[in-house]
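Trainee: For reference, the sequence and a predicted model appear below.
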Amino acid sequence: SNNMMSRRRSAGRTLFLALFGFDPSTPQEDIKGNVPQALYLMNSPLIHAMIRAGGNTRLATILRKHPGDDDAIAEVYLLVLSREPSASERKICREYITEVGHRGEAFEDLMWSLVNSSEFLSRR
C-alpha cells in the first residue's frame, strides 16, 4: 500500500540522515566516510532501488531522455557528483558500457560506483 511505502521511505531517510548527517561548519576536507556509511551505500535496498535503470527512477528517466551514451554519462555524473565527467572518466564509462553490452545494467553499475565513491561521501 502507499502508506506502507511512505513509511519505508521515511525510515530509510531517517537512517540515511543518522549515518550521513554532519555539522555544516565542518571543512569539506575534514569530512571522511566511515564503515557504517560505506556498508549502507553498498547494501541498502533503498539505494539499490533508486539506481535501477527501469521503472520511474531518475536513471530510467535519464536513459530515456538521452539515447546517446555521452549525454547520459554526463547527466549521471551531474546527478550524483554535481559535476561533469573528465575526458578520461567519460572514455572509461563508454568502454565499460560497450564491454557490458546491456546499457541499463552498465548504467546501474556506473551509478552504483559513483554513489559508493569517496568523492560522493565528501560532497555537500
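Mentor: That came through fine.
Trainee: Below-threshold pLDDT in this structure: ranges please.
Mentor: Applying pLDDT under 70 to the chain picks out residues 1-49, 121-124.
Trainee: In it, what residue spans correspond to helices?
Mentor: 2-20, 35-43, 45-50, 58-65, 69-81, 87-100, 103-115, 118-122 (DSSP state H).
Trainee: Mind exporting the C-alpha coordinates of stretch 74-91 to CSV?
Mentor: The C-alpha trace of stretch 74-91 is given here as CSV (Å, rounded to 0.1, in the frame of the first residue of the first chain):
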residue,chain,number,x,y,z
ALA,A,74,27.3,13.4,-18.2
GLU,A,75,23.8,13.7,-16.6
VAL,A,76,24.5,10.7,-14.2
TYR,A,77,27.8,12.5,-13.1
LEU,A,78,25.9,15.7,-12.6
LEU,A,79,23.1,14.0,-10.6
VAL,A,80,25.5,12.0,-8.3
LEU,A,81,28.6,14.2,-8.1
SER,A,82,27.3,17.6,-9.2
ARG,A,83,30.0,17.8,-11.9
GLU,A,84,30.7,16.8,-15.5
PRO,A,85,32.9,13.7,-16.0
SER,A,86,36.5,14.3,-17.1
ALA,A,87,37.5,13.2,-20.6
SER,A,88,39.2,10.1,-19.2
GLU,A,89,36.2,9.3,-17.0
ARG,A,90,33.9,9.6,-20.0
LYS,A,91,36.2,7.3,-22.0
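Trainee: Of all the residues in it, which ones are buried?
Mentor: Buried residues in stretch 74-91, counted by 16 or more other C-beta atoms under 10 Å: 74, 75, 76, 77, 80, 81, 85, 89, 90. Heads up, the C-betas are built off the backbone N, CA and C, glycines and all.
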